[in-house]
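Peer 1: turn this into a structure:
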Amino acid sequence: MAEIQYNATGRRKTAVARVTLTPGNGQIIVNKKPADDYFSRETLRMVIRQPIELAGITGKYDITATVEGGGLSGQAGAVKHGISRAIVDMNSDLRVRLKKEGFLRRDPREKERKKYGQKGARKRFQFSKR
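Peer 2: Here you go, the predicted model:
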C-alpha cells in the first residue's frame with residue numbers, strides 16, 4: 001500500500017516551491033539537501049520551521065521541497081507557504097490557526113520594473129534647470 005503524502009505549491013516573489021509531506025521523523029530536505037545546508041542563514045531556517053511548530057507536528061512528518069527561481073529569501077518564503085498549504089491539506093482544522101498567522105496568504109510583493117529614461121524603478125536622473 002502506498003504511503004500517505006500531502007502535496008502543495010508555495011510561491012513568493014519569483015520563487016516556486018513544490019512541497020511534499022510524508023509521515024516520518026521530521027527531516028526537511030530542500031533540493032536534495034538538508035534544509036540546514038541549503039539555507040545557510042538561521043533566519044531562513046527559522047522561517048521554514050514556523051508553520052511546522054505552529055501546527056505542532058515537529059518530528060512527525062518528513063518534508064521534501066523542490067524550489068526554483070528567485071533568491072534564498074524568496075525560496076524560504078515559498079517553502080514556508082508550501083508547507084502551510086500541505087499542513088492544511090493534511091488537517092483542515094489547522095487552517096484557522098495558520099490563516100490567522102498569515103501563513104496561507106501568498107505575499108504579493110514583486111520587484112517593480114525599471115522604467116525607460118530613469119535610473120531605476122523610482123529613482124530619476126538629477127534634474128538640471130540650466
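
Peer 1: count the neighbours of the nearest residue in space to Arg124 that is not next to it in sequence for me.
Peer 2: Counting by C-beta to C-beta, 6 or more residues apart in numbering, Arg124 lies nearest to Gln118, which is 5.4 Å off, once chain neighbours are set aside. Placement of C-beta: from N, CA and C, glycine included. Gln118: 11 surrounding residues under other C-beta atoms under 10 Å.

Peer 1: just say helix, strand or coil for Gln118.
Peer 2: The assignment at Gln118 comes out as coil when based on DSSP: H, G, I helix; E, B strand; the rest coil.

Peer 1: all helices for the protein, in order.
Peer 2: 35-38, 42-55, 72-90, 95-101 (DSSP state H).

Peer 1: state the pLDDT value of the residue nearest in space to the middle of the chain.
Peer 2: Central residue of the chain (C-alpha atoms, centre = their mean): Ala78, 2.1 Å from the mean position. The model reports Ala78 with a pLDDT of 96.
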